[in-house]
Each structure stands twice: as C-alpha cells, then as structure tokens.
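Asker: please work out how this folds:
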Amino acid sequence: MVKKIAIMLLGTSLASGLLYADTMSEAKGFIGLEVGGANIQADRAGFYAETNYAGDYNIEYGLRIGAENENWRTMFVLNYFDSEDDNQNYEKALFEVDYFFLSGGAETTSFKPYIGINIGYMNYESDGEGLTASIDESGFLYGGQLGFCIDLSDAVDLDVMYRYSLVDTEQTDHTESIVVGLNYMF
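Answerer: Residues are numbered from 1 along each chain as shown. Predicted coordinates for the structure are as follows:
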C-alpha cells in the first residue's frame, strides 16, 4: 500500500510540474486547512445505503498544499473523516487540478470560480456494529469538484467547494463533501 501511495504522489507531482513549467515564475505556492461536511456510501449491510441517513453529514478535516497561477491550481489534500454515530472513518490522499474559468486574465480578481478533477487513494473502516461484517478496505478514488475562491487579503484566500469522488473498492461506492478551506499564499 505504501508503494502505491508513493508512486501516485510522485506521478502527480511530476504532472503538476509539467502543468506549470511555462509559468513557474508566476505561480504562487500555498498551504491551508479545510473542514467540511462529508458523507460516504458503502455496502455495510448487504446493500448500498447512505451511511449518514437523511442526508446528515459528519465532519471531515484536511490539510492542503499546492500552487496556483492565473488560470490553474494544483494541490495535494490529506483528509480524515470520523463518524462516531455509526462507527466508521476514512483517510484520503487526493491530488486535485482546478481551472479558474472566469479569471479573465486579471490578477486583481478577488472572486475566482473553478471546476476541477481529483484522483487519490482512500482507506475506509467500519466496525460492522449491528451489521453483517466489518469493513476495512483501501483503494483508488477519482472524481471532480466545483467551487470558488475569494481573496481575503494578498496572502489569504477562502475556498468553498463541493467534492464528489467515486471509490474503486468492493464495498464502497462514493464520498461527497461540502468543504470550506483557508489558504495561506507564499
């Protein structure tokens, strides 16, 4: 598992370097935190059911690091989700690429909507309490996100997004999150 994650992170870092190769001097790096409401759909009782019933979301925490230029943003995200109500959790490592589609070439734009894709690796655990069996599986995930950034100052921006990812495992179908992030530019 560690080899898979290392290979994925190496490949994505090389890909992000190629993405910014022509404008590397214009790209700004950032580091940030994110928190959001998350939901996961998994086969916990012999059928796929939303684990957080009636659309309830539980808290997901994350760290992010990346770079952005006028039109593009790439970032690595590490997330942790823990639902004490139904004894399940997951850890995700994601690589995201976002396109700022209304940037218009103006660096002074403080509102930047974007659309993007994500790919990563996830470990999901559920203790199976009251269900047929416990689950402990890992696998790749992929999906997309849609959101916007607002510049709060020259060095800080606020990021709001909806992220949806399909999971390539036997008993887990997808995750979805509504995330608010705070990024420090350097």
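
Asker: from now on I want contacts and neighbour counts done on CA atoms only, so please keep to that.
Answerer: Noted.

Asker: where along this structure do the helices fall?
Answerer: 2-19 (DSSP state H).

Asker: find the least confident helix or strand in it, judged by mean pLDDT.
Answerer: Ranked by mean pLDDT, DSSP states H and E, the weakest helix or strand in the chain is strand 48-50, scoring a mean of 48.

Asker: and the strands in this protein?
Answerer: 28-43, 48-50, 58-68, 72-83, 88-100, 111-126, 135-151, 156-167, 172-185 (DSSP state E).

Asker: mean pLDDT lowest for which of the ones you listed?
Answerer: Lowest mean pLDDT of the strands of the chain: strand 48-50, a mean of 48.

Asker: got the contact list for F148?
Answerer: 111-114, 159-161 (C-alpha atoms under 8 Å, 6 or more residues apart in numbering).

Asker: how close does it sit to E26?
Answerer: Distance of F148 to E26, given as C-alpha to C-alpha, to the nearest Å: 21 Å.

Asker: again with T172
Answerer: 40 Å.

Asker: so those two - more neighbours on which side?
Answerer: T172 (20 against 11; other C-alpha atoms under 10 Å).

Asker: beta partners of the more buried one?
Answerer: Note on T172: beta-bridge partners A42, judged by DSSP bridges.

Asker: check R163 too.
Answerer: Here R163, judged by DSSP bridges, has bridge partners Q145, S177.

Asker: and if you look at E96?
Answerer: Bridge pairing for E96 - DSSP bridges - gives M75, N118.

Asker: can you pull the contacts of it?
Answerer: With C-alpha under 8 Å, 6+ apart, E96 has these contacts: 73-77, 116-119.
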